[in-house]
Every structure is written in structure tokens, then in C-alpha cells.
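Enquirer: Sharing a model prediction with you, sequence too.
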Amino acid sequence: MRIPVAGVTVGVGGLTYANYKLNAMASKSSDLLSSISDGVKSAFGTVTDGLSKFDVELQVPKFLADIFSTNSRSSTPSSNQIESDKPRFIKKDDPSDPSGNGLKLPSIVVIGSQSSGKSSVLEAIVGHEFLPKPIELTLIHTPKSKEEYGEFPQLGLGKIHDFSHIQQTLRDLNLAVPESECVSNKPIELRIYSSNVPDLTLIDLPGYIQISNKNQPGTLKDKIVELCEQYIKEPNIILAVCAADVDLANSEALKAGRKVDPLGLRTLGVITKMDLVEPEIGAAILRNTDYPLHLGYIGVVCKPPASIKNKKNITSALIRHEDQFFRSNYVYSQRGIQVGIGTLRKKLMEVLEEGMAKSLFSIVGAVQKELEESRYQFKVQYNDRRITAESYVAETIDSIKHNFKNFAHSFGKPQVRHEVRSMLEQKVMDLCAELYWTDNKIVDLPKVSIDELYWKYKLDMSSAALTKSGIGRTSTQLVVGVLMANMEKIALMEPLNNHPEISSKLLSLSNEILRNKFHTTSDQVENCVKPYKHEVECSEQEWAEGLKRTISLLEKELESCNKALQNIKDTIGKKKLRAAIKYVIDAEREAKRAQAHARDSESDIVVDNGNDASTNTKSQSVIINHIMEDNVSDRHRLHFNPKVIEKALEAIFLRDRSMILKYRLAALKSRQCKSPENKQYCPEAFLNMVAEKLTYTAVMFIQVELLNEFFFQFPREVDNLLVYGMNKNQILSFAKENPKIRKHLELQEKKWKLEEVMEKLNYISRDANGWLGSAN
């Protein structure tokens, strides 16, 4: 969100002005002070919370968050109340920032030549001695406290009551600047809290020098000039310090001020060492005629009496001594001549508060413009529709539950039965292919006797392989996989796709629920299908339905084989494929003849049942090796690479599989397979009927033990996570994860806060007009 520079300074400028006027009027009327102070501070107590939340383009200093720190008040003065008396203009942004995004609050910049008495002026205002430069000195008037102390915000040393310690710290900081830098561009920040100082922000810069001595770097002069030029830019007020015993025509401070302030509108001259010149000469300087400045000149002595005993605070003694000096010379009492530290203090506060007041009224217009723009955007984009983070969370919960409910309705017992049946039917096809379709005796199956033990054994073995294949675990795992896959789809749907962390937690919760029910469900299914491992009864209806499903299944398998074979023909070409198949078949025959010849040449071969299986396996291996070796030798002649040979072998397999499927379909459709008593002649139908019984039993317990529990628990886990598991801040962070909602909330909050700020600004503006009128 963007707020213009003037908009961000609303609280700063307004409260600064208010704070100045409150302190100024405190001496006039305690009742008026109390009423206005309470009104202003309470009025702005709620504004800072909104402003501090805004992400603005410029860097907001810490004091902006402290502007409205007086939310609670007590009947007796406390440390919190003392802190509330801090000035509302502690710090400006870097004056050297060329972007112009800094806060446009003026500070008083003190410049002057070395030995012009610049430090003495500051010490007279503060009441203590300080040495180093540059220093950003913030004076905080604390009328409710007699405590007097200083703070270094950058160092975090806390309250320092011993001002000699402050002086030593400043000296150490000054010495820490490397010689190569001569002077530091970053001023030392010091805050002084006292009931004896006015609310002012003063920046004391190094004094101008004419010639560098041998102990100073040659670049020191230029760096001091450059540093001073950075700080005396608009809107800062220039306090040009000049010694009375030096001709103003030679003043480096006035010369620098004239460059950036040709009309002298924001330059105030301070003439020091007034006791070193004749009263008539000093009065002539202060009449502001030779080198006129809009703010004029103020003469000071800044020289405490030698007999002063209390060195800790010299202000009172200095003012008395200074008043005595100026009163002893009647020329300084003439109209238009300003003298004394007290007059300087008052003048500085008047100049500063006038600049603050002007800034305040210009800020009102800027904030009003920004508010109108926010209202317009909120109307156009969202039709003035208000939302909250809580309402978005509620909508998200409803959306998740709605998507989950739709999935639950679409994945019931029929869908589970379809998934489990498809898995078991594939097992049936694999068993038939392994035990029946590759058996060379399959062509004699319809002709054998019903009591043939070979085929009875085959049927019992295939049935056992199906029923004892771990139906409980495999079927449960299959359903769990389907559930998790659909939960992942829900996690990618609106609005969860904007909340990856919550989506991950919901998936973890889903997995946890299913994992807790997995073993119970699989054990229940396994126990219930156990009777089918020993005997499977079949009614006429079950057989007819199984036979029908089997015929349909084999027809689909036949169609798949034909498509795969056609795809190979299209890829390689019929002619080339036919040649490759012929080549493979010829190679197989040649390999068989070679194998038969090798077997006949061995006179000590003993053939038995066990050796026959080994011989068959060896024969197949010899055939394949012969094909590949012959293919390698004749590759150039026949142009067959290994890939083509592989496709040819695959085409032969598919062709043979299609033939056996056609043969088995004809058998299943014959009268022989109409009765379950002839199940050994129709193993495909029998195994399909067994698979259907297993499917029905498994689905029944999966539905009860797994699905119902999952569909019941998941919505409650969603409530626990999104309703009861997040605090207010987490709810707000969750809502702002959605870019659209974040934009809506930020614009809405911006509009609200600007309206609140505008209301408070109007309040301060009315009071500011009254204060200015009373001051005038």
C-alpha cells in the first residue's frame, strides 16, 4: 500500500504542533492545558495502531510509532506518563537522501565558524557542556518530572543522569571516527529530558575552518562544507552563529545560509560575545539592516559568571548574568533589538511551531486526496463490500467441506466396488495367462474327462492363488490410495491452493485418519474372506453373472491385443514386420533343429520329468540366443536392428494371445460353460466369480471400517485446525495468504485508517486555528 510523504507525516506534524502548543499554554492556564491535552492525546490514542500497520514506501522512524503511546493514564505521575511527554518530532530522515521521500519536518541546524561561540549557545540552551560535533540534540520538556537525564538511542545505554558521563561518551564517539573520514556524516543522537529545557531539535555541525593545521587532514575543510550543505537544505531552519567581534561580511555561516536561503526566510542569526564589543556596535548589528534576515538577529553573551558554584546546570546563572549585562546598557532595551538566551529559546520555539503548523494544514489536503482515492478504489473494485479475516476463514471452511462432501457423494460403495473389482479382475487375467493360456494342453481342455486330475489341480491352485494373495491389505491399500489422491485434488482446488501450509496439514490429517484405520480394516477383510480359501460355493445365478463378466473382460482384452498389434504394424510397416516375423520364426526353427541334433548326439541323456522342464527352459534360451546372434551376423543383409526384432517378438506374442483369447471366448460361449458343474472347463469364469465374492466381502468392511470413519472424522479435523487451532494473528496471516483477499483487506484497512486519521486531523486543525488565533 502506498501513502504519500505528506500522508505519513500526519501524526508526526499534527502531534508535534499539538505538543508544542500544550507546553506553551501550560504556563498560561493549567485548566486549558489539562482539557486540551486530554482531548488531543485520547483522540489520537487509536490512530497509531492503524498507522503503524501500514507498509509504506518510505521508512517510518521509531518515533512515529511512539506518537500515540499514551493509551493508558493513571492518576499519579508514572514512568509511562513521563515517557509520554517526549517530543513528537524526535528524528528526521537523512537530510542527504536525494529521493525526497524523507519526512518533511523541520529541524534547527546550528552552523558557524570555529570559535564563534556555537557550542556555548547550545550549552546555554541545554544548561550543560558538550564538546563533539556533529550532534543531533533533542530536548524534551518534562514538566511533570524533576528528573534530568540523557539518552543515546543508537547505543541503548538507558538513562544517564551524570552529564559528565554523557560528555565523556560524546568525546569517545568523536574519537572513534577514523582519521581518513575526518568527520562522520552520521550525527550522534542525544536526547535530553528535563523540565528546564524547551521542546526543540537542534543539529550542531562542525564549525567552518579557514585553513587546516598540520594535525588535521587536508580534506577536512571541504568535508565540513559538504556536511553542512546537506543539513541546511529546506525545510530546516538555519541558526547562523556569528561572533560580535568579527565582521558579518566574513561570516561563513551567513555565506552558507545565503546559498540555500537567498531571502533569509528561514535563517536566524545569533550574535555571540556581545560583551566584547561596544554596546552601540552590538546594537547596530542586531538592528538587522546591513545583512537583513527575515527572522532577524538575537544577541547573547553565553558567558556564565566566574563565581558560579553549581557546574551541573548553568542556565539559571547564565541568564541572570546575561540579563544584568544587557540591562546595564540601555541601548539594548530599544525597540527592534532582541537579546538574551531566554529570547532565543522563545524565538526558536515560535519559528519551529510555525513551520509545524503550516505543514499540518498542507498535510490535511494530501490525506484527503489519498482518502478519496482509497474510497474510489474500494467502491470500484469491491463495491464497498466489507470482509474480515474471520469471515474468510469461515468461507474457506465451508468451501473445503463442500468439496469434500461432493467427493464423499461421488465415492461411495459402488465406486469402491468398481476399484476393488478392477484390481481382482486384473489378478484373474494374470493367473489365467500364467497357468492356462501358456499351457500347450489348453487346446485339449474341452475334450478331457470331467474327472481329469490335472485340470482339477490347476483350478484349485489358481483359486488358492487368488484367495490367498492378501486381499485384505491390497484392497484396503487400493482404497486408501484413491482417497489420498482425491484429497490431493481437493488441496489443489480453490481456496486451499493459496494456503500450502494448511493444505499440507490437511493431507497429513487425512493420512493419519486412514493410517489409524488401515490395519483394523485390512484384518477385518482378511478374516472375512478366509472361508473362501478352503471352499467356494457357487449358485446358478452367480455363475451366469460371472460368465457374462468374464466374456466381456476377455473381449476387452482381445480388443487391446488387436490395437497393440495394429500399432506395431503402423509403426514398423506391415511388409517389414512380416519379414521380421518370418525371420524370427525361421531362426526359432533352426535353433530347435540345432538343439535336437545336439540332444541326439549325446548317448547318455536320461530324460525324466524334472529334466524335461530344465530342457524346455534351456531350449527357449538357446532359441533366443540363436535369433540374436543370427540377427547380428545378418543385420546388414536384412536391415533388422534389435528394436525391430523386439517388436517382431512382441507381435508374435500378441498374435498368439489374440488366438488363444478367441479360442477361450468360443469355449466360454459354448454350452459346456453354461453350468457351474463344468467349472474346470471354464476356469476364467470360475475365477471371476470368486473375485466377485471377494470384492463384495472386502467392500462391505472397507465401507464400514474405513470410509464411514474417514468421512465422519475429516470435517471435524478441519474445524479443529481452522476454527479452534488458530489465534487472531494466525487467522489474519492465513487470510492474507490469498492474494485477492490480502489486497481487499489492505485496501479496506487503508480506507478505514485514513478516515480515522482524517477525523483526528480535522480535530487538531480546528484546535490549531484556535491556538494560532490566541497566540496572535
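Expert: Structure's in. What do you need?

Enquirer: Ramachandran angles for the residue nearest to residue 246 when sequence neighbours are not counted?
Expert: Residue nearest to residue 246 in three dimensions, not counting chain neighbours: residue 116, with 7.3 Å by C-beta to C-beta, 6 or more residues apart in numbering. All C-beta atoms are positioned from the backbone trio N, CA, C, and that covers glycine. When read as degrees, to the nearest 10, the backbone of residue 116 gives phi -90, psi 0.

Enquirer: following whichever strand or helix holds residue 352, which helix or strand comes up?
Expert: Using DSSP states H and E, the element containing residue 352 is helix 341-382. Downstream of helix 341-382, the first helix or strand assigned by DSSP H and E is helix 389-410.

Enquirer: pLDDT averaged over that next one - what is it?
Expert: In this model, helix 389-410 has an average pLDDT of 93.

Enquirer: neighbouring contacts of it?
Expert: 486, 490, 493-496, 499, 506, 711, 714-715, 718-719, 722-723, 726, 731-732, 734-736, 738, 741, 745 (C-beta atoms under 8 Å, 6 or more residues apart in numbering).

Enquirer: Then stretch 281-291?
Expert: 244, 248-249, 254, 269, 271, 274, 296-299, 331-332, 334, 336-339.

Enquirer: Poorly predicted segments of the chain, please.
Expert: For the chain, applying pLDDT under 70 flags the ranges 1-105, 126-134, 177-185, 210-218, 305-315, 601-639, 767-776.

Enquirer: how close does residue 348 get to residue 174?
Expert: In this view, residue 348 and residue 174 are 25 Å apart by C-beta to C-beta, to the nearest Å.

Enquirer: Kindly report the same for residue 322.
Expert: Residue 322 is 29 Å from residue 174, by C-beta to C-beta.

Enquirer: Compare these two (neighbour count), which wins?
Expert: residue 322 (25 against 16; other C-beta atoms under 10 Å).

Enquirer: Show me how far the helix or strand where the more buried one lies is from its chain's centre.
Expert: Residue 322 belongs to helix 315-327 when assigned by DSSP H and E. Distance of helix 315-327 from its chain centroid, counting by C-alpha atoms, centre = their mean, to the nearest Å, is 61 Å.

Enquirer: buried sites along it?
Expert: If you call a residue buried by 16 or more other C-beta atoms under 10 Å, then helix 315-327 has these buried ones: 315, 317, 318, 319, 321, 322, 325, 326.

Enquirer: List of residues touching the helix or strand that comes right after that helix?
Expert: Next helix or strand after helix 315-327 toward the C-terminus (DSSP H and E): strand 338-339. With C-beta under 8 Å, 6+ apart as the test, strand 338-339 has contacts from 274, 286, 296, 297, 298, 299, 300, 322, 326, 332, 347.

Enquirer: so the last one makes contact with residue 295?
Expert: Yes: Residue 347 lies in contact with residue 295 (C-beta atoms under 8 Å); the separation is 7.4 Å.

Enquirer: Name the residues contacting each of those two.
Expert: residue 268.

Enquirer: Surely the residue nearest to residue 246 and residue 207 touch.
Expert: Yes: counting by C-beta under 8 Å, residue 116 touches residue 207, with 6.6 Å between them.

Enquirer: between these two, who's got more neighbours?
Expert: Of the pair residue 116 and residue 207, residue 116 is the one with more neighbours under other C-beta under 10 Å, namely 25 against 21.

Enquirer: who's in contact with that one?
Expert: Residue 116 neighbours (C-beta under 8 Å, 6+ apart): 207, 241, 242, 243, 246, 253, 272.

Enquirer: how much space between residue 247 and residue 441?
Expert: 131 Å.

Enquirer: and if you look at residue 393?
Expert: Taken as C-beta to C-beta, the span from residue 393 to residue 441 is 69 Å.

Enquirer: And these two? Which one has more around it.
Expert: residue 393 (18 against 12).

Enquirer: ok so, going back, for residue 666, state which of the buried residues of helix 315-327 is nearest.
Expert: Set against residue 666, the nearest of the buried residues of helix 315-327 by C-beta to C-beta is residue 315 (120.4 Å).

Enquirer: tally of neighbours for residue 476?
Expert: 28.

Enquirer: gap between it and residue 489?
Expert: Residue 476 is 21 Å from residue 489, by C-beta to C-beta.

Enquirer: sorry, back to before: higher neighbour count, residue 347 and residue 295?
Expert: residue 295 (21 against 17).

Enquirer: Now do the helix or strand residue 559 falls within: which elements does it pack against?
Expert: Here residue 559 sits within helix 540-572, counting by DSSP H and E. Counting contacts by 3 or more C-beta pairs under 8 Å, 6 or more residues apart in numbering; DSSP states H and E, helix 540-572 is packed against helix 413-432, helix 574-600, helix 642-668, helix 683-702.

Enquirer: got the buried residues for it?
Expert: 542-543, 546-547, 549-551, 553-554, 557-558, 561, 564-565, 568-569, 572.

Enquirer: that older thread, generate a ChimeraX selection restricted to the buried subset of the contacts of stretch 281-291.
Expert: This is how ChimeraX selects the buried members of those, with burial counted by 16+ other C-beta under 10 Å:
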select :244,248,254,269,271,274,296,297,298,299,332,337,338,339
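
Enquirer: residues in contact with residue 109?
Expert: Counted by C-beta under 8 Å, 6+ apart, residue 109 has contacts 202, 203, 205, 228, 231, 232, 236, 237, 238, 239.

Enquirer: so the last one sits right up against residue 266, yeah?
Expert: Read that as residue 239. No: counting by C-beta under 8 Å, residue 239 sits too far from residue 266 to count as a contact (10.1 Å).

Enquirer: still on that earlier bit, can you give the distance of the helix holding residue 559 from its chain's centre?
Expert: The mean C-alpha position of helix 540-572 is separated from the chain mean by 55 Å, C-alpha atoms, centre = their mean.

Enquirer: Look up how far residue 251 lies from residue 688.
Expert: From residue 688 to residue 251 the distance is 111 Å (C-beta to C-beta).

Enquirer: who's more crowded, those two?
Expert: The neighbour comparison of residue 688 against residue 251 (other C-beta under 10 Å) goes to residue 688, with 28 against 24.

Enquirer: Against residue 466, how distant is the more buried one?
Expert: Taking C-beta to C-beta, one finds residue 688 at 10 Å from residue 466.

Enquirer: for residue 735, same thing?
Expert: The separation that residue 735 has from residue 466, given C-beta to C-beta, amounts to 54 Å.

Enquirer: Same check on residue 267?
Expert: From residue 267 to residue 466 the distance is 103 Å (C-beta to C-beta).

Enquirer: Please apply the same query to residue 143.
Expert: Counting by C-beta to C-beta, the gap from residue 143 to residue 466 is 96 Å.

Enquirer: Looking at these two, which has the bigger crowd around it?
Expert: Comparing residue 143 with residue 466 by other C-beta under 10 Å, the one with more neighbours is residue 466, at 23 against 13.

Enquirer: Touching, that one and residue 426? I think so.
Expert: No: with contact defined as C-beta under 8 Å, residue 466 does not reach residue 426; the gap is 11.3 Å.

Enquirer: any common contacting residues for those two?
Expert: Contacts common to residue 466 and residue 426, judged by C-beta under 8 Å, 6+ apart, are absent.

Enquirer: returning to that earlier point: now do the helix holding residue 352 against helix 315-327, angle only.
Expert: Helix 341-382 runs at 120 degrees relative to helix 315-327, counting by axes from the mean of the first three to the mean of the last three C-alpha atoms, to 10 degrees.

Enquirer: chain center to helix 341-382, what's the gap?
Expert: 33 Å.
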